[in-house]
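1. all I have is the shape, not the residue letters:
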């Protein structure tokens, strides 16, 4: 049988209440009884000793006993006690509650005799509990004090008190213990209520949220009521669900985009090849369509390569081959690969370097891909007979590389989305419409892997400038 936390706490609360009640009833009662009994017997013993000392000379004086009895009777009425004078043989000479005082007593003044009277059984104690050798019908506490006259033991002053009087006094204190226990239980009840409000209900909401997430409902939100650990946990779950939801949406979009980008060239390739195979295309046009098929194949190869590159740039698994190299030389070499395209569009490069050789510390291959993608992006956006400006400047311990074109520019609505994978607006794809939407994502991920960042400044109709930084190499290990 499983119990939730609330049930466990309630069971603990009930257990504590039962244990507390039993403890107060048994243990506290015993402690209080012993304390009150000890105090009461000590008071009774002092009273008995005082009476024995005061009335000892007149102990066997019959003419004084009645006066003594009246005086002691008044005392016993006040404290509910009973006082006896008992000789060594158990003969009662005086009893404050003897009801036959008007009757004649024997010549020795004996009221009655206690059978089996034996004080030696008390040992070192001066008190006993019981019916006092059968004299009483209810349980009494009896305290003895010896009576001596001229250094001779004559008998005892015995002070009796019903045990019910002692227990009544115990209950006066004992009820206070019950009140204290009740207050503790009320405070514990308040704690349980606070637990339900601040812990149980939020944890229940969190549990329901996890169940909803398990069913795929990532839009479910947990109410964040307080800024404590549970509130922080709720906020973290909400954040996690949002991130997972966005990741799922991104995955769906990723699959949709990649399917589209693969399907288009594959459809073209299949169509042209079928046309060549069934003779629809004249022999003199075959080379033209084979070149189109090769172009589409190149698109597929480049798209596949970009996807693999992005996968390699996963922050959890990326490995960088850091070395020192001349960024100026890398830029010049990258520009040479675009010579054919630039001649067709009559695009020229304007290079500005702060030094003849600028050594930086980074992964040369991956930074080469960054520069390639930025230059390729600038060429796509640039119109014919335009310039692309590339500069390298030192500032502190960083080298800042800028790639600037005078093309169509990027609108404010799109500038924050250009780094998203497969994001392609009409303008961002360039005039040749061959963009895959992965180039700038590769740039961003590569620089983040280097713990560097990239900024973009763009104005529609004026152009776009990308600026990124790299650490300057401290020594020329590789060039």
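-> Thanks, I have it. None of these values were measured; they are calculated from a predicted model.
2. can you count the residues close to residue 167?
-> If you count neighbours by other C-beta atoms under 10 Å, residue 167 ends up with 17. No exception for glycine: its C-beta is placed from N, CA and C like everyone else's.
3. who's in contact with it?
-> Each residue near residue 167 by C-beta atoms under 8 Å, 6 or more residues apart in numbering is listed here: residue 33.
4. which positions in the strand or helix carrying it come out as buried?
-> Taking DSSP states H and E as the definition, residue 167 sits inside helix 163-195. Neighbour-count burial for helix 163-195 flags 163, 165-167, 169-170, 174, 177, 181, 188, 192, 195 (criterion: 16 or more other C-beta atoms under 10 Å).
5. and it, how far out from the chain middle?
-> Helix 163-195 sits 35 Å away from the centroid of its parent chain (C-alpha atoms, centre = their mean, to the nearest Å).
6. just to revisit the earlier point, what is the nearest of the buried residues of helix 163-195 to residue 11?
-> Residue 11 has its nearest neighbour among the buried residues of helix 163-195 in residue 192, at 11.3 Å by C-beta to C-beta.
7. distance of residue 124 from residue 153?
-> For residue 124, the distance to residue 153 equals 17 Å [C-beta to C-beta, to the nearest Å].
8. with residue 394 instead?
-> Residue 394 is 119 Å from residue 153, by C-beta to C-beta.
9. how about the helices in the stretch 201-350 of the chain?
-> For the stretch 201-350 of the chain, applying DSSP state H, counting those that start in this stretch gives helices covering 201-214, 229-277, 286-312, 327-336, 339-345.
10. the shortest one - what's its average pLDDT?
-> Per-region confidence: helix 339-345 scores 84 on mean pLDDT.
11. again with stretch 458-476
-> In this model, stretch 458-476 has a mean pLDDT of 85.
12. and what of stretch 284-299?
-> What stretch 284-299 shows for mean pLDDT is 80.
13. who's in contact with it?
-> With contact meaning C-beta under 8 Å, 6+ apart, stretch 284-299 is reached by 265-266, 268-269, 272-273, 275-276, 281, 434, 436.
14. tell me the least confident of those?
-> Within the set of these, pLDDT is lowest for residue 434 (52).
15. what's the angle from the host helix or strand of residue 30 to helix 163-195?
-> Assessed by DSSP H and E, residue 30 sits inside helix 29-55. Relative orientation of helix 29-55 versus helix 163-195 (axes from the mean of the first three to the mean of the last three C-alpha atoms, to 10 degrees): 150 degrees.
16. and the helix or strand that helix 29-55 is followed by, what does it pack against?
-> Using DSSP H and E, the helix or strand that follows helix 29-55 in sequence is helix 62-79. Packing partners of helix 62-79 (3 or more C-beta pairs under 8 Å, 6 or more residues apart in numbering; DSSP states H and E): strand 82-87, strand 91-95.
17. in a markdown table, list these along with distance to residue 221, mean neighbour count and mean pLDDT.
-> Listed next are the helices and strands packed on helix 62-79 as a markdown table, based on distance: least, C-beta to C-beta, whole Å; neighbours: other C-beta atoms under 10 Å; pLDDT from 0 to 100:
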| stretch | distance to residue 221 | mean neighbour count | mean pLDDT |
| --- | --- | --- | --- |
| strand 82-87 | 80 | 23 | 89 |
| strand 91-95 | 87 | 21 | 87 |
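18. now do residue 400, the pLDDT please.
-> Here the pLDDT value assigned to residue 400 is 94.
19. related to what we said a few turns ago, could you list the buried residues of the helix holding residue 30?
-> 29, 32-33, 36-37, 40-41, 44-45, 47-49, 51-52, 55.
20. for stretch 202-210, same thing?
-> Those would be 202-203, 205-206, 209, for stretch 202-210 by 16+ other C-beta under 10 Å.
21. same question for stretch 378-389.
-> If you call a residue buried by 16+ other C-beta under 10 Å, then stretch 378-389 has these buried ones: 378-382, 386, 388-389.
22. reformat those as CSV; add secondary structure, pLDDT and distance to residue 470.
-> Shown next, in CSV, are these (DSSP: H, G, I helix; E, B strand; the rest coil; pLDDT from 0 to 100; distance: C-beta to C-beta, whole Å):
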residue, secondary structure, pLDDT, distance to residue 470
378, helix, 88, 19
379, helix, 88, 22
380, helix, 85, 24
381, helix, 83, 24
382, coil, 86, 24
386, coil, 89, 27
388, strand, 92, 20
389, strand, 94, 18
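23. export these to a markdown table and append columns for distance to residue 22.
-> Shown next, in a markdown table, are the buried residues of stretch 378-389 (distance: C-beta to C-beta, whole Å):
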| residue | distance to residue 22 |
| --- | --- |
| 378 | 86 |
| 379 | 89 |
| 380 | 86 |
| 381 | 86 |
| 382 | 91 |
| 386 | 95 |
| 388 | 91 |
| 389 | 90 |
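24. closest to residue 224 among those?
-> For those, the closest approach to residue 224 (C-beta to C-beta) belongs to residue 381, at 44.8 Å.
25. what's the nearest residue to the closest one if we skip its chain neighbours?
-> Take residue 381 and drop its neighbours on the chain: the residue closest to it by C-beta to C-beta, 6 or more residues apart in numbering is residue 407, 3.2 Å away.
26. which SS class is the one you found?
-> Classification of residue 407 by DSSP: H, G, I helix; E, B strand; the rest coil places it in coil.
27. do you know how far it is from residue 386?
-> Plainly put, residue 407 is 7 Å away from residue 386 if you go by C-beta to C-beta.
28. can you list contacts of the helix or strand where residue 402 lies?
-> Secondary structure assignment for residue 402, by DSSP H and E: strand 398-405. Strand 398-405 has contacts (C-beta under 8 Å, 6+ apart) with 327, 331, 358, 360, 371, 374-375, 378-379, 381-382, 386, 388-394, 463-472.
29. filter the residues you listed to the buried ones?
-> 327, 331, 358, 360, 371, 374-375, 378-379, 381-382, 386, 388-392, 463-472.
30. does residue 159 really touch residue 48, like I thought?
-> Yes - using C-beta atoms under 8 Å, residue 159 is in contact with residue 48, at 4.7 Å.
31. which neighbours do the two share?
-> Shared contacts of residue 159 and residue 48, counting by C-beta under 8 Å, 6+ apart, come down to 83, 143, 145.
32. pretty sure the second one contacts residue 49?
-> No - counting by C-beta under 8 Å, residue 49 is not a contact partner of residue 143; they are 9.5 Å apart.
33. ok, for residue 368, nearest residue in space, not its chain neighbours?
-> Leaving aside its sequence neighbours, residue 368 sits nearest to residue 330 (C-beta to C-beta, 6+ apart; 5.7 Å).
34. just the pLDDT for that neighbour.
-> pLDDT for residue 330: 92.
35. repeat that for residue 114.
-> pLDDT at residue 114 comes out at 90.
36. test my guess that it contacts residue 135.
-> Yes - judged on C-beta under 8 Å, residue 114 makes contact with residue 135 at a distance of 6.2 Å.
37. that older thread, redo the buried residues of helix 163-195 as JSON lines? Include pLDDT.
-> As requested, the buried residues of helix 163-195 are exported to JSON lines (pLDDT from 0 to 100):
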{"residue": "163", "pLDDT": "89"}
{"residue": "165", "pLDDT": "85"}
{"residue": "166", "pLDDT": "83"}
{"residue": "167", "pLDDT": "85"}
{"residue": "169", "pLDDT": "81"}
{"residue": "170", "pLDDT": "80"}
{"residue": "174", "pLDDT": "68"}
{"residue": "177", "pLDDT": "71"}
{"residue": "181", "pLDDT": "75"}
{"residue": "188", "pLDDT": "75"}
{"residue": "192", "pLDDT": "76"}
{"residue": "195", "pLDDT": "75"}
